[in-house]
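Asks: quick one: sequence plus predicted model below, questions after.
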Amino acid sequence: MPTFYEIINTNITLWNQLYTHWISEELFSSRWFITLGSMAIIYTLLYLLIDRKRMRELFFFGSLLSAGFGYADVIGTTMGLWAYKSHLLPFKPSLLPYTYTVHPIVHMFAYQYADNWRSFAVTNTVAAAFFAFVAQPFYAWVGILWLENWNYVYSFLIAGGISFFARAIVLWMAKVEQNHAPVTSRVSLSPKLIPAMKPLDKDEDTE
């Protein structure tokens, strides 16, 4: 059985190999520029299209997605289900370009343009399908992503499931916040979430 220090030494060896490979093969390669370009495009779209009146809500939703997608990515890469053949920075797992940027931002747009669960089901399904059946195959084709014993349908189901769960948390926390906020400050909460709070409004009228 390997000891703790043997595992640390293995990690150091892995870091040296990863850094050497990154410097000699990955940095400034076509795949590296594709990764950088993907991030530049998605951040530009975020800057241009994000609803600035709802930034707190949207970024909270995005942070939940990043946590969920990041945890799933760590599990998958650790188990060898997939791996990144190109890294923007010489670290493993390579979470920054995809798990913490491209993927959650696409789902943030799905959340932004949905007013209720029915419309979110449509937009979120489109976002999950884009990630699983367009983005992932593209990254695999250009040699950025390596998949082993993995099906794109699994990615679709995981992305959709995490996003639905994240929206449920956001709506629940907004409801808790509204329940504890003074009546005069409730109008400062996200306008998009107000329809979900109509029962509270009725209760106030009866008072």
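Replies: Yep, that arrived. Small disclaimer: the values here were computed from a predicted structure and weren't measured.
Asks: buried residues in the lengthiest helix in the chain?
Replies: Longest helix of the chain, by residue count under DSSP state H: helix 152-180. Applying a neighbour-count criterion of 16 or more other C-beta atoms under 10 Å, one finds 152, 155-156, 158-160, 162-163, 166-167, 170-171, 174-175, 178 buried in helix 152-180. For glycine as for every other residue, the C-beta is placed from the backbone atoms N, C-alpha and C.
Asks: roughly how far does the nearest residue to residue 133 once chain neighbours are set aside sit from residue 120?
Replies: Using C-beta to C-beta, 6 or more residues apart in numbering and skipping the chain neighbours, the partner closest in space to residue 133 is residue 152 (5.7 Å). Distance of residue 152 to residue 120, given as C-beta to C-beta, to the nearest Å: 22 Å.
Asks: same check, this time on residue 5
Replies: From residue 5 to residue 120 the distance is 49 Å (C-beta to C-beta).
Asks: out of these two, which sits in the busier spot?
Replies: residue 120 (18 against 8; other C-beta atoms under 10 Å).
Asks: so which strand or helix has residue 83?
Replies: Assessed by DSSP states H and E, residue 83 sits inside strand 82-84.
Asks: what is the subsequent helix or strand relative to that strand?
Replies: According to DSSP H and E, the helix or strand after strand 82-84 is helix 103-112.
Asks: next one: the very next helix or strand once past that next one to chain centre, how far?
Replies: Remark: after helix 103-112, the chain's next helix or strand is helix 117-130, criterion DSSP H and E. Put simply, helix 117-130 sits 14 Å off its chain's centre (C-alpha atoms, centre = their mean, to the nearest Å).
Asks: give the buried residues for helix 117-130.
Replies: 120, 123, 124, 125, 127, 128, 129, 130.
Asks: try stretch 74-86
Replies: 76, 77, 82, 84, 85, 86.
Asks: check stretch 134-144 too.
Replies: 135, 136, 139, 140, 144.
Asks: once you drop chain neighbours, what's closest to the most centrally placed residue in the chain?
Replies: In the chain, the residue lying closest to the centroid (C-alpha atoms, centre = their mean) is residue 104, at 2.7 Å. In space, and not counting its chain neighbours, residue 104 is closest to residue 65: 3.8 Å by C-beta to C-beta, 6+ apart.
Asks: which strand or helix spans that neighbour?
Replies: If you go by DSSP H and E, residue 65 is part of helix 55-78.
Asks: now for that helix, which elements pack on it?
Replies: Counting contacts by 3 or more C-beta pairs under 8 Å, 6 or more residues apart in numbering; DSSP states H and E, helix 55-78 packs against strand 82-84, helix 103-112, helix 152-180.
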